[in-house]
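Novice: Need coordinates for the following:
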Amino acid sequence: MNPPFPQPLRGVRSRTHLQPQPAQFAPNAKSFPAALRETAMLALALVLYLFVRNLIRDKAGIAFANADRLVDLERWLGVFWEPGLQTWALGHDWLITAANWIYVWTYWPTLAGTMIWLFLRHRSALPIYRNALLLSGAIGLIGFATFPLAPPRFLSSHGFVDTVAMGSDAYATLYPSSVANWYAAMPSLHVGWTLLMGIALMRQSRHPLIRGIGIGLPLAMFAATVLTANHYLADGVVGALVALVGLMLARMLSGRFDRRQLMRSIS
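Specialist: The predicted structure is shown next:
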C-alpha cells in the first residue's frame, strides 16, 4: 500500500505562488478590505513620490549638469546613439506615432491593469509584485533625489525633439507641471515597472497571447522612451536593473515570511 501523499502544513504558502497558477477569482467578504489595503499602500507610495519630487524641483542646474556628464560618458563608451535613433525614427511618421502612443497611454494602464488582474485572478502572487513595485520605487526615489537628470528632450543642442509635446497635448493633460517630475530621468521607472508587469504576465499566465504581451511590452516601452527623447539608453538599463533588484528583494522577504510561518506551524 502506498503511503499517503504528504499534505502541506497549514498556514504555509507554497513556493508555487511564483509559478503559473489557475485563476483564483472567488469574490468574498474579504475582497473589499484587501483591495482597500492594497490601494492605501500604493497611495502612500504616491504621496512619498510627490514629496521627493518637490525636493528636486529647484535643481534644474544640477539636472542639466548631470545630463552633460551622462552624455559625455555615453560618448566615451561609444553608445551615445539616442540622437541618431530619434533622427531615424523621425523619418517614419507611423513609428513616432506608435512611440508617442506607447509612452503616453500604456504605462499607467499596464500597471493598474496587471495589478488588478493579479488581485482578481492570482492573488497569492500579488504581494511579490506589489512589494517589488514599492521597493524598486523606493530605490528610484533615492536616484531621483541624489541624481536629478534632465531628459534628452530638453537638450535641443544635441538635436533632440520632444515628439510627445509636438504630436499631442495629451501628455501635458495627463501629467501637468504640478504633478510631473521633469528631472526624474534616472532611473526610468517607465521601463523598470513595465518590465515588472511583463514578468508578472509571463510567470502567472499560461495564455500565449498574454505571455507575448509580457515579453513585447517592456521592449516596446524601452524603445518608446528613447525614440520620444524622454530617456537616455542608460536610464532604461538602470531602470530595468532597479526593477529586478526590487523583485529579488521582494522574493527574499517572501521567503522569510514563509519560513516564519513554517516555524510557527511547527511550534
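
Novice: Might you list the low-confidence residue ranges for the stretch 101-250 of the chain?
Specialist: 167-181 (pLDDT under 70).

Novice: redo that, cut-off 90
Specialist: Applying pLDDT under 90 to the stretch 101-250 of the chain flags the ranges 104-105, 108, 119, 121, 123-124, 141, 145, 164-184.

Novice: Run through the helices of it in chain order.
Specialist: 107-121, 126-146, 163-167, 170-174, 189-204, 208-227, 233-266 (DSSP state H, counting those that start in this stretch).

Novice: Pick the most deeply packed of these.
Specialist: Mean neighbour count (mean count of other CB atoms under 10 Å) peaks for helix 189-204 among the helices of the stretch 101-250 of the chain, with a mean of 25. Yep, even glycine has a C-beta here, placed from its N, CA and C like the rest.

Novice: on contacts alone, who are the packing partners of it?
Specialist: Contacting helix 189-204 under the criterion 3 or more CB pairs under 8 Å, 6 or more residues apart in numbering; DSSP states H and E are the following elements: helix 107-121, helix 126-146, helix 208-227, helix 233-266.

Novice: can I get those in CSV with distance to His190?
Specialist: CSV is the format used below for those (distance: least, CB to CB, whole Å):
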stretch, distance to His190
helix 107-121, 6
helix 126-146, 11
helix 208-227, 5
helix 233-266, 7
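
Novice: Give me the nearest residue to Leu247, chain neighbours excluded.
Specialist: Setting aside the residues directly before and after it, Leu247 is nearest to Ala132 in space (CB to CB, 6 or more residues apart in numbering), at 4.2 Å.

Novice: The helices and strands packed on helix 189-204: which one's closest to Lys59?
Specialist: helix 126-146 (9.3 Å; CB to CB).

Novice: Centre of the chain to that closest one, how far?
Specialist: 9 Å (CA atoms, centre = their mean, to the nearest Å).

Novice: All set now, cheers.
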